[in-house]
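Trainee: Give me coordinates for this.
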Amino acid sequence: MSGSAYHPRAFLALRRNRRRGLASRTKIISLLERGKALTAKDIARMTGLTYSVALHHLHLLEDEHITTREGKRPYLWRLTGAGQASLIDLIEK
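Mentor: Residues are numbered from 1 along each chain as shown. A predicted model of the protein is given here:
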């Protein structure tokens, strides 16, 4: 993936944004943008990431209020709408 291929919300303000992390978070965010809340296990399976990597990035995204978890274990994860938005997202609104 090149620099422009990452999802705008994959960039974190409080962490270094390494290529592998950006790629993993882009996969997770793209999956959650479909609107359905998913468990970390489902996210890992659907993105091809290991469970621990998926959960790690979900927690990083939660720290920056980009994702939130709901309910009891197993938690359901969904996007909050916070974070950087692409220009296309802003124009569509």
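Trainee: can you list the weak-confidence ranges in the chain?
Mentor: Scanning the chain for pLDDT under 70 picks out the ranges 1-4, 82-93.
Trainee: the strands in it, which residues?
Mentor: Along the chain, the stretches classed as strands by DSSP state E are 67-70, 76-79.
Trainee: looking at those strands, which is buried most?
Mentor: strand 76-79 (a mean of 18; mean count of other CB atoms under 10 Å). (Glycine included, C-beta is placed from N, CA and C.)
Trainee: Show residues contacting it.
Mentor: 9, 29, 32-33, 37-40, 43, 58, 66-70 (CB atoms under 8 Å, 6 or more residues apart in numbering).
Trainee: re the thing from before, I'd like the strands of the chain as JSON lines, with distance to L22 appended.
Mentor: Putting the strands of the chain into JSON lines (distance: least, CB to CB, whole Å) gives the following:
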{"stretch": "strand 67-70", "distance to L22": "15"}
{"stretch": "strand 76-79", "distance to L22": "17"}
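Trainee: And those strands: which comes nearest L49?
Mentor: strand 76-79 (13.1 Å; CB to CB).
Trainee: quick one: contacts for L61?
Mentor: 9, 12, 25, 28-29, 67.
Trainee: Please report the distance of the residue nearest the centre of the chain from H7.
Mentor: For the chain, the residue nearest the mean C-alpha position is I29 (3.4 Å; CA atoms, centre = their mean). Distance, I29 to H7, by CB to CB, to the nearest Å: 5 Å.
Trainee: tell me which of the contacts of L61 is nearest to G81?
Mentor: Nearest to G81 among the contacts of L61: R9, at 9.4 Å, using CB to CB.
Trainee: Which of the strands of the chain sits closest to R16?
Mentor: Per CB to CB, nearest to R16 of these: strand 67-70, 19.0 Å.
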